[in-house]
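1. Test case, fold it:
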Amino acid sequence: MMKKRLSILLLLFASVAAATAQSAKAVSIADSLTAVALFGDNGWGGTPTMWTLQMKLDSVASNDDLVALARSHPNAAARAVAFRILVTRRDSRYRDILYSSLHDTARFREQSFDVISRNNVANSMVEMMIDHPGFMSYRDSLRYDSLFRAEPQLMEIAPHLYKTFLEMPKQSDFDRIFSPQDSATLDSILFFTPNLNHIAHRTHILDNQPLDERHYRRLHEMYYDEGFAPALQHLCRYRRETDKAAVIECLLEYSKGLNERHVKEGPEGRTIQGLWAVALWPDHDFLPALREVRDYEVRRTHYDYARIRFFYLALMAYDDDLSYGFIDETLRMTGSDPSTRKYHLEYFREAYEKHPNPRYQDLLDKYSRID
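-> Purely as a prediction, here's the structure:
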């Protein structure tokens, strides 16, 4: 009996020692993870070193190892990778890690084929759930399905994309990983939790918020207290007089962050956010500031294409004789420089095609005939 107990103890000791050694190996690999490789191809036919390390970690780490690494490893990249592996293993503990890591702003390098960028841990984890090409949420699988059904020619133009879609996990898999209810919960948390500006998905969920006084108060906090510039256009859906000053302030930041040659030298102003806000709230109180933006853009030597595009979208939103004259005057002002006229006319036409309005059709015809 004593020998039997001793044998059992020895087996238990050996098992614990093996598990400890395995955990130590997982930690050692995680220590070497200084970046995250999203794919096993570096864009040149080779395999990224980080991808090889990630595969090794997947092969030796237990789920308990991954939980520990995702929660507290000092390497930001290691925390992100451990979380990704844990999710693909369908371990439900990823939920607690996801929600407890939403303020983890530690940054790391991220490689997608031959493109190197920067990401942060919280944003990486959220992207894993809602936007990663190899592991999309149930909601995104529906979005892609709708895309292919609405655009059947995509199956012929990009068969590899459709093949990827067909190979995605099915609804039953998503139900076990990240259900529509999970997705809605995450959206709500990202909307109502303060200081999550580092998570890109937050911008997208604002589009889906219904008009509601509670949502207005939260948007107000995001913009005025937390400095989240994309919240401005959503505030403007409520058309409150008290928010007009913020729109004008943004519009008048047209030269902020630019040098005397109009080239970017630092963080730019929020003029695009202001123009976007005007497109949603075309109030005549914004016209003086719009004229200043126009005068600056017409004389620039280095164009801001996005700003020109939003400028015309904002003016067309007024849909009145005053805006017609404003656009006519602007296009006439660009006539002395062929490049300036070319870009302004191009983006005016693009704005028109995006939101066709017969009021402005003859302006397109008129300036398209000018050599």
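
2. got the contact list for residue 91?
-> 63, 66, 67 (C-beta atoms under 8 Å, 6 or more residues apart in numbering). The way it works is simple: take the backbone N, C-alpha and C, and place the C-beta from them, glycine included.

3. swap the cut-off to 6 Å and go again
-> Counting by C-beta atoms under 6 Å, 6 or more residues apart in numbering, residue 91 touches residue 63.

4. Retrieve the pLDDT associated with it.
-> Here, the pLDDT recorded for residue 91 equals 89.

5. So that it lines up with my notes, have the first residue be 718 from now on.
-> Yes, from this point I'll number from 718; that puts the last item at residue 808.

6. Is it within a helix or a strand, and which one?
-> Using DSSP states H and E, residue 808 is not contained in any helix or strand.

7. Next, residue 836: phi, psi?
-> phi -140, psi 170 (degrees, to the nearest 10).

8. Residue 828 now?
-> phi -110, psi 130.

9. Give me the neighbour count for it.
-> 20 (other C-beta atoms under 10 Å).

10. Please apply the same query to the one 10 residues further on.
-> With neighbours defined by other C-beta under 10 Å, the count for residue 838 comes to 25.

11. Go ahead and confirm it touches residue 797.
-> Yes: the pair residue 838 / residue 797 is scored as a contact, 5.4 Å apart, by C-beta atoms under 6 Å.

12. which regions of the stretch 718-867 of the chain sit below the pLDDT cut-off?
-> Low-confidence segments of the stretch 718-867 of the chain (pLDDT under 70): 718-739, 848-867.

13. Show me the strands in it, by range?
-> Taking DSSP state E, counting those that start in this stretch as the criterion, the stretch 718-867 of the chain carries its strands at 752-754, 824-829, 832-837.

14. Burial-wise, tell me which of those comes out on top.
-> Greatest average neighbour count among those goes to strand 752-754 (a mean of 23), per mean count of other C-beta atoms under 10 Å.

15. Starting from that one, tell me which strands it pairs with and how they run.
-> strand 824-829 (parallel) (DSSP bridges).

16. chain center to the partner strand: distance?
-> 15 Å (C-alpha atoms, centre = their mean, to the nearest Å).

17. One more: stretch 988-996?
-> 19 Å.

18. Model confidence for the residue lying closest to residue 938 once chain neighbours are set aside, exactly?
-> Counting by C-beta to C-beta, 6 or more residues apart in numbering, residue 911 is the residue found nearest to residue 938 once chain neighbours are left out, at 7.0 Å. With respect to pLDDT, residue 911 scores 95.

19. One more: residue 1072?
-> So, for residue 1072, pLDDT stands at 86.

20. neighbours of it, just the number please.
-> 13.

21. Go ahead and confirm residue 753 touches residue 797.
-> Yes: distance between residue 753 and residue 797: 5.4 Å, which falls inside the contact criterion (C-beta under 6 Å).

22. If we ignore the residues flanking it in sequence, what's nearest residue 845?
-> Counting by C-beta to C-beta, 6+ apart, the residue nearest residue 845 is residue 801, at 5.5 Å.

23. do you know how far the one you found is from residue 744?
-> 17 Å (C-beta to C-beta, to the nearest Å).

24. for residue 995, same thing?
-> Distance from residue 995 to residue 744, by C-beta to C-beta: 54 Å.

25. who's more crowded, the two?
-> residue 995 (28 against 16).

26. And the average pLDDT for the strand or helix carrying the more buried one is what?
-> Element membership of residue 995 [criterion: DSSP H and E] is helix 988-997. Mean pLDDT, computed over helix 988-997, is 95.

27. which residues are contacting that helix?
-> Contacts of helix 988-997 (C-beta under 6 Å, 6+ apart): 946, 949-950, 953-954, 964, 967-968, 970-971, 1003, 1023-1024, 1027-1028, 1030-1031, 1034.

28. now stretch 936-945
-> 912, 914, 948, 949, 951, 952.

29. which among these end up buried?
-> Buried residues within the contacts of stretch 936-945, defined by neighbour count using 16 or more other C-beta atoms under 10 Å: 914, 948, 949, 951, 952.

30. contacting residues for the last one?
-> So the one you mean is residue 952. Residue 952 touches 936, 940, 960, counting by C-beta under 6 Å, 6+ apart.
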